[in-house]
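*Asks:* Sequence plus predicted model, see below.
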Amino acid sequence: MSDTGGSAVVALDTRGLICPMPVIRTQDRVKTLPAGAVLEILSTDRGALHDIPAWCRVHGHEVLETQQHDREVRIRVRVHRRDEPVASA
């Protein structure tokens with residue numbers, strides 16, 4: 001289990017959707033969350049394991065954890081805003 005820094009985890013269920021919808025839904029949900037929030041994305045699209053972390057790198061968000069179990073992918077992302085630095089471990 002990853003450290004969420006005391007932030008509540010917000011779930012986003014994109015199971016059953018195929019590329020590019022998990023990334024688009026992630027982007028839409030992140031826009032509604034404050035900096036520091038943790039978003040947990042559930043997906044059955046294996047491409048999400050690459051696509052969502054790549055989207056996070058481009059947009060300055062932090063991937064906390066990725067998991068794959070059978071057909072389900074779980075990705076945890078900490079939301080950052082461009083005007084705040086990402087803390088390094």
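*Replies:* That came through fine.
*Asks:* Val10 and Val30 touch, don't they?
*Replies:* No - checked against C-beta atoms under 8 Å, the pair Val10 and Val30 is beyond contact range at 9.6 Å. Bear in mind the C-beta positions are built from the backbone N, C-alpha and C, glycine included.
*Asks:* More neighbours: which of these two?
*Replies:* Set side by side, Val10 and Val30 show more neighbours around Val30, with 20 against 16, by other C-beta atoms under 10 Å.
*Asks:* Not counting sequence-adjacent ones, nearest residue to the more buried one?
*Replies:* Distances taken as C-beta to C-beta, 6 or more residues apart in numbering put Val79 closest to Val30, at 5.5 Å, once the chain neighbours are dropped.
*Asks:* The lengthiest helix in the chain: which residues count as buried?
*Replies:* Taking DSSP state H as the assignment, the helix of the chain that covers the most residues is helix 48-59. Residues Ala48, Leu49, Asp51, Ile52, Pro53, Trp55, Cys56 are the ones in helix 48-59 that count as buried (16 or more other C-beta atoms under 10 Å).
*Asks:* Touching, the third one and Pro20? I think so.
*Replies:* Spelled out, that is Asp51. Yes - checked against C-beta under 8 Å, the pair Asp51 and Pro20 is within contact range at 7.3 Å.
*Asks:* Please report the distance of the residue nearest the centre of the chain from His50.
*Replies:* Centrality entry for the chain: nearest residue to the mean C-alpha point is Val77, 3.6 Å, by C-alpha atoms, centre = their mean. Computed as C-beta to C-beta, to the nearest Å, the Val77 to His50 distance reads 14 Å.
*Asks:* Kindly confirm my reading that Asp45 forms part of a strand.
*Replies:* No - Asp45: not assigned to a strand; according to DSSP: H, G, I helix; E, B strand; the rest coil it is coil.
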